[in-house]
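In: this one's sequence-less:
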């Protein structure tokens, strides 16, 4: 028998990433084309106002290449440019999509990083408490909090926080991007759903692990509950927990679509909403690429963390 490094090779992972991006962009392109409305009319009205003439609309249609008809050829042309690093030109602003994404990406990444820094420790701590506690009010409150976190729509929570903390209490600004106080409500909204999801997965997974023979044996040896959780149960439950963390990490990125629109943040989410409303296909496709890459990177980081915690995952026994 011999040991070889587990997991797929780098080349296969690159192929997987490429397939994910191509499928995501193709589905998005098809959905945008099926949506009602005329992109040329929307862009002409945006540039010239409600009184845009038929000539102006025709000029925009020719400029965007829509007079040739939307179809596979247009998508293939966009895909060929994207492979070479050219995401096209925004029909709404007339600027390169890549440049606009680079300008807006830091805003979104800051929100995502802060939300993850709140959601992951909070979900992990709540899940551990829910698994260790025998019952009672605290465990029931944790379960109810997790249920509310995964059930309440982000836009509803956003407006609720605005009404309570901005309008009623006057503690935070209603919207806008500026000092530290402007981050509070967007980060809370982005962190609620992933924290609730992670806490339930951690609680259920750890509760099962704590009934395994190794945990029972450790308890018989006189080990403390904290030692059993951190030394025995948590490493063995790391697979499911880290897989969930990877998924919710990518989910935080897509949740910025709502949060940035509600709180007037000029990030990728806000850019995507504007692009969809104008049927700005190059801009929509560029945003989808960012979201897809974010999902893949979050899951790959979770896989690497699992391998670091449990070396058995990185080694596969073969004949």
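Out: Arrived safely. Note that the structure is a prediction, hence the values are computed from the model and not measured. Numbers count the residues shown, from 1 in each chain.
In: Which secondary structure element is home to residue 26?
Out: Secondary structure assignment for residue 26, by DSSP states H and E: helix 10-34.
In: Show me the strands in the stretch 1-150 of the chain, by range?
Out: Ranges of strands in the stretch 1-150 of the chain, per DSSP state E, counting those that start in this stretch, are 2-5.
In: And the helices in the stretch 1-150 of the chain?
Out: Ranges of helices in the stretch 1-150 of the chain, per DSSP state H, counting those that start in this stretch, are 10-34, 39-48, 54-63, 72-83, 97-132, 137-151.
In: Of these, which is nearest residue 190?
Out: helix 97-132 (3.5 Å; CB to CB). C-beta: built from backbone N, CA, C; applies to glycine.
In: Which elements pack onto the closest one?
Out: Packing contacts for helix 97-132, counted by 3 or more CB pairs under 8 Å, 6 or more residues apart in numbering; DSSP states H and E, involve helix 137-151, helix 184-209, helix 238-263, helix 268-277, helix 281-309.
In: Could I get the buried residue list for that helix?
Out: Going by neighbour count (16 or more other CB atoms under 10 Å), the buried part of helix 97-132 is 97-98, 100-101, 104, 107-108, 110-112, 114-116, 118-120, 122-124, 126-132.
In: low-scoring stretches of the stretch 1-150 of the chain, by residue?
Out: Low-confidence segments of the stretch 1-150 of the chain (pLDDT under 70): 1-13, 32-40, 42-43, 45-52, 60-73, 134-135.
In: rerun at 90
Out: Filtered on pLDDT under 90, the stretch 1-150 of the chain yields the residue ranges 1-98, 120-121, 123-150.
In: For residue 126, which non-adjacent residue is closest in space?
Out: Excluding the flanking residues, the one nearest residue 126 by CB to CB, 6 or more residues apart in numbering is residue 199, at 3.9 Å.
In: Return the distance of the one you found relative to residue 148.
Out: Distance of residue 199 to residue 148, computed by CB to CB, to the nearest Å: 11 Å.
In: Comparing these two, which residue is more hemmed in?
Out: Higher neighbour count among residue 199 and residue 148: residue 199, with 29 against 12, using other CB atoms under 10 Å.
In: The more buried one: what's it in contact with?
Out: Contact partners of residue 199, counting by CB atoms under 8 Å, 6 or more residues apart in numbering, are 122, 123, 124, 126, 127, 130, 142, 145, 146, 149.
In: again, but for residue 183
Out: Residues in contact with residue 183 (CB under 8 Å, 6+ apart) are 111, 114.
In: when you give positions from now on, start the count at 330
Out: Yep, numbering from 330; the last one is residue 512 now.
In: That one and residue 466, how far apart?
Out: Residue 512 is 32 Å from residue 466, where distance means CB to CB.
In: contacting residues around the closest residue to residue 531 other than its chain neighbours?
Out: Sequence neighbours aside, residue 456 is the residue nearest to residue 531 in space, at 2.4 Å (criterion: CB to CB, 6+ apart). For residue 456, the contact set (CB under 8 Å, 6+ apart) comprises 527, 528, 529, 530, 531, 532, 534, 535, 570.
In: give me the number of residues near the fifth one?
Out: When counting by other CB under 10 Å, one arrives at 26 neighbours for residue 531.
In: how close does it get to residue 461?
Out: 11 Å.
In: Check whether residue 576 really touches residue 625, as I assumed.
Out: No: if you go by CB atoms under 8 Å, residue 576 and residue 625 don't touch, sitting 11.5 Å apart.
In: tell me the least confident of the contacts of residue 456?
Out: pLDDT across the contacts of residue 456 is lowest for residue 570, at 80.
In: Tell me how many other residues surround that residue.
Out: If we define neighbours as other CB under 10 Å, then residue 570 has 22 of them.
In: pretty sure it contacts residue 534?
Out: Yes: using CB under 8 Å, residue 570 is in contact with residue 534, at 6.1 Å.
In: can you pull the pLDDT of residue 588?
Out: pLDDT recorded at residue 588 is 91.
In: Check what pLDDT the nearest residue to it once chain neighbours are set aside gets.
Out: When the adjacent residues along the chain are set aside, residue 588 lies closest to residue 515, with 4.9 Å between them (CB to CB, 6+ apart). pLDDT for residue 515: 93.
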